[in-house]
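Asker: Pasted the sequence and its predicted model underneath.
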Amino acid sequence: RVAMGPFQSAVDNTNAILGKVDPFSIEIEDNIPEYPAPDGSSASEHFRRMALDGLSKRLNTEEVPAAYRDRLDEELRLFEDRKILDRILIVLDLTAELRRRGKDTCRLAGQAISSLACYAVGATDTGPVKYGLHFRWKHETANLSVILPATEIDTAYSILKDKYGREHVARESMYYSMGH
């Protein structure tokens, strides 16, 4: 009581209110659609093939070294366990479509971007093994996000809505400006 001094009554009032609240939880089911792999394979098989092909090109070798394959497999297991593999493939699909349309100003962000898997498929040019970077999840909902100029948000929204369905797309935008 002495430690809070003049604020003790505020602490007591807060604790009194807290004692009247029933604990609750809001469960929200993820609404990410399944990624439709072009060859009909599973998202996991498709991504692994893309990643191994990408690593082979980036490392300029036909046979990807075992250490790289092992790390890639570990990351893919994490993506599958966290149920974000479809989300990552959809983000990669979106950025590829934007680039096909000549809109090469999007950037990717999020914890997954530091993975060998994302490096392998071309989501980033920073090789985590080369630079000693370690991919670690910090949150249960770690993901891969797209950063777009405001002028390209409508295009991205339309691409996602047309390909994956309106029920799976929501607009979430943040705008920044510098100088006036």
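Answerer: Received it, and whenever you're ready, just let me know what you need. Numbers count the residues shown, from 1 in each chain.
Asker: Show me what the helix or strand residue 57 falls within is packed against.
Answerer: Assessed by DSSP states H and E, residue 57 sits inside helix 43-59. Counting contacts by 3 or more C-beta pairs under 8 Å, 6 or more residues apart in numbering; DSSP states H and E, helix 43-59 packs against helix 66-81, helix 85-100, helix 116-120. Quick note: C-beta positions are derived from backbone N, CA and C, even for glycine.
Asker: for these, which one ends up most surrounded?
Answerer: Comparing the helices and strands packed on helix 43-59 by mean neighbour count (mean count of other C-beta atoms under 10 Å), helix 116-120 ranks first with a mean of 25.
Asker: what's the average pLDDT for it?
Answerer: Across helix 116-120, the average pLDDT comes to 92.
Asker: where in this structure is pLDDT low?
Answerer: For the chain, the stretches with pLDDT under 70 are 1-3, 26, 28, 136-142, 173-180.
Asker: about what we covered before: can I get the helices and strands packed on helix 43-59 in CSV including distance to residue 60?
Answerer: Formatted as CSV, the helices and strands packed on helix 43-59 follow (distance: least, C-beta to C-beta, whole Å):
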stretch, distance to residue 60
helix 66-81, 13
helix 85-100, 22
helix 116-120, 13
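Asker: looking at these, which is closest to residue 153?
Answerer: helix 85-100 (10.9 Å; C-beta to C-beta).
Asker: name the helices or strands packed onto the closest one?
Answerer: Applying 3+ C-beta pairs under 8 Å, 6+ apart, we find helix 85-100 packed against helix 43-59, helix 66-81, strand 145-147, helix 153-164.
Asker: could you redo the last one with a cut-off of 6 Å?
Answerer: Under the contact criterion of 3 or more C-beta pairs under 6 Å, 6 or more residues apart in numbering; DSSP states H and E, helix 85-100 touches helix 43-59.
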